[in-house]
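>>> Could you work out the structure for the sequence below:
(chains A and B)
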Amino acid sequence: EPEVTQTPSHQVTQMGQEVILRCVPISNHLYFYWYRQILGQKVEFLVSFYNNEISEKSEIFDDQFSVERPDGSNFTLKIRSTKLEDSAMYFCASSEEENEKLFFGSGTQLSVL
Amino acid sequence: GESVGLHLPTLSVQEGDNSIINCAYSNSASDYFIWYKQESGKGPQFIIDIRSNMDKRQGQRVTVLLNKTVKHLSLQIAATQPGDSAVYFCAEVGFSGGYQKVTFGTGTKLQVIP
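Residues are numbered from 1 along each chain as shown, chains lettered A, B, ... in the order given. I've put the predicted structure just below:
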């Protein structure tokens, strides 16, 4: 069964450093997303991406965040200058139709020290 | 308001019994709903979905019921198995804050007793 893959599974970084989280969505999917989940809290929407541009973003997704689809398979989330409160599990997801049947990756656990 | 903290509602069920997990959603304009299962250390896994023009949908061992009048969603799992142990949460899809988005609930932890 096709799946969304994310790397790395764990990322530890110093506050102020840049991190790039990587995702390979399911190949025939057209819509891509990043969500995050702070320990013990709800899964929160960050951004959606379609046709090589951001289609929606939440208030969490500020100027420190950016997304990119550098080639036909990868989808990345960059945090320019990490803060302690960015520590969370970051999930990539993809879908054939917008906001329907999202398939999630296993996540990247980001720890900012 | 937002739920913050480490305490999830927990449902303990004997193996072989049926489980019913409930969810109250907030946006009356939501028109599509999804149930996800999340095992420890893994991403949410799609279980079943339902559109607002339906009140019931069945899958393999799972049934979702939608009551739009009281904004309530439930997931029924038949003959619960140990592998069903996980956190289950509903998600609603609708326009909120000017754009269409998926909003996740807090979740219910299902513990299956062998």
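>>> So which bits of chain A are right by chain B?
A:4, A:6, A:39-45, A:56, A:58, A:91, A:93, A:98-107 (Cβ under 8 Å from any Cβ of the partner chain). C-beta here means a position set from N, CA and C on the backbone, and glycine is covered the same way.
>>> Contact partners for whatever residue of chain B ends up closest to chain A?
Relative to chain A, the nearest point of chain B is B:G43 (3.6 Å; Cβ to the nearest Cβ). Taking Cβ atoms under 8 Å, 6 or more residues apart in numbering or on different chains, we find B:G43 in contact with A:V4, A:Q6, A:F91, A:A93, A:F104, A:G105, A:S106, A:G107.
>>> what helix or strand is the third one on?
Spelled out, that is A:F91. Taking DSSP states H and E as the definition, A:F91 sits inside strand A:88-95.
>>> now the helix or strand following that strand: how far from the chain's centre is it?
Using DSSP H and E, the next helix or strand after strand A:88-95 towards the C-terminus is strand A:103-104. How far strand A:103-104 lies from its chain's middle: 11 Å, per Cα atoms, centre = their mean, to the nearest Å.
>>> can you list the residues that contact strand A:103-104?
A:2-4, A:26, A:29, A:35, A:91-95, B:36, B:43-46.
>>> same thing but at 7 Å, please
By Cβ atoms under 7 Å, 6 or more residues apart in numbering or on different chains, the residues outside strand A:103-104 that reach it are A:V4, A:I26, A:F91, A:A93, A:S94, A:S95, B:G43, B:P44, B:F46.
>>> Dump those residues to CSV, plus distance to A:T82 and pLDDT.
Below are those laid out as CSV (distance: Cβ to Cβ, whole Å; pLDDT from 0 to 100):
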residue, distance to A:T82, pLDDT
A:V4, 23, 95
A:I26, 28, 95
A:F91, 17, 96
A:A93, 22, 96
A:S94, 25, 95
A:S95, 28, 93
B:G43, 21, 88
B:P44, 24, 91
B:F46, 30, 92
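>>> pLDDT score assigned to the residue in chain A that chain B sits nearest to?
Among all residues of chain A, A:F104 sits closest to chain B, at 3.6 Å; criterion: Cβ to the nearest Cβ. On pLDDT, A:F104 comes in at 94.
>>> how about the strands of chain A, start to end?
Using DSSP state E, the strands of chain A run over A:5-7, A:10-13, A:19-24, A:31-37, A:43-50, A:53-57, A:65-68, A:75-79, A:88-95, A:103-104, A:108-112.
>>> what do you get for chain B?
For chain B, applying DSSP E gives strands covering B:10-14, B:19-24, B:32-38, B:45-51, B:56-58, B:62-67, B:72-77, B:86-96, B:99-104, B:108-113.
>>> residues of the helix or strand of chain B with the lowest mean pLDDT that come out buried?
Every helix and strand of chain B was ranked by mean pLDDT, DSSP states H and E. The lowest is strand B:99-104, at a mean of 82. For strand B:99-104, the neighbour count (16 or more other Cβ atoms under 10 Å in any protein chain shown) marks B:Q100, B:K101, B:V102, B:T103, B:F104 as buried.
>>> what stretches of chain B score poorly on pLDDT?
B:1-7, B:97-98 (pLDDT under 70).
>>> which residue is nearest the centroid of it?
For chain B, B:C90 is the residue whose C-alpha lies nearest the centre (Cα atoms, centre = their mean; 3.3 Å).
>>> The residue nearest to that one when sequence neighbours are not counted: how many residues sit nearby?
Excluding the flanking residues, the one nearest B:C90 by Cβ to Cβ, 6 or more residues apart in numbering or on different chains is B:C23, at 3.6 Å. By the criterion of other Cβ atoms under 10 Å in any protein chain shown, B:C23 has 22 neighbours.
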